[in-house]
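Q: Quick one: sequence and predicted model below, then my questions.
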Amino acid sequence: MQSQRLCRSCGISEEVNFDYVIEDKSKAVCDDIYEQRVAICMDCPSLQRGMTCKHSGDIITYRALFKEKGCPFPGEEKWSVTKK
């Protein structure tokens with residue numbers, strides 16, 4: 001699973017391989033669910049600077065990787081459609 005983003009500080013584009021982020025792959029969602037979660041976040045009014053969730057403070061592409069994480073949007077679980 002890879003993602004390419006611009007660094008907010010320096011503007012350098014860097015491709016990140018998220019397969020190295022999670023040591024225990026059983027804790028990660030599949031690629032399809034990951035892509036759905038990120039798409040939901042990209043359309044969320046709480047997305048800040050195109051990468052950070054206003055409510056959790058997490059970078060969305062990181063938070064979306066984990067099975068145990070949920071959408072922190074107050075009063076509405078936006079990722080409920082991606083839980084399997």
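A: In hand now; what should we look at?

Q: From start to finish, how long is stretch 32-52 in a straight line?
A: 21 Å (CA to CA, to the nearest Å).

Q: tell me which residues in that stretch are buried?
A: Buried residues in stretch 32-52, counting neighbours by 16 or more other CB atoms under 10 Å, are found at 33-34, 36-37, 40-41, 44, 46, 51-52. For glycine as for every other residue, the C-beta is placed from the backbone atoms N, C-alpha and C.

Q: What about K25, how many residues nearby?
A: Residues contacting K25 under the criterion other CB atoms under 10 Å number 7.

Q: now G70
A: Burial of G70 is recorded as 16 neighbouring residues (other CB under 10 Å).

Q: among the buried residues of stretch 32-52, which are in strands?
A: T52 (DSSP state E).

Q: Kindly reformat the buried residues of stretch 32-52 as CSV containing distance to I60 and pLDDT.
A: Converted to CSV, these look like this (distance: CB to CB, whole Å; pLDDT from 0 to 100):
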residue, distance to I60, pLDDT
I33, 14, 93
Y34, 11, 91
Q36, 12, 94
R37, 8, 94
I40, 9, 95
C41, 4, 94
C44, 8, 95
S46, 10, 94
M51, 6, 86
T52, 7, 90
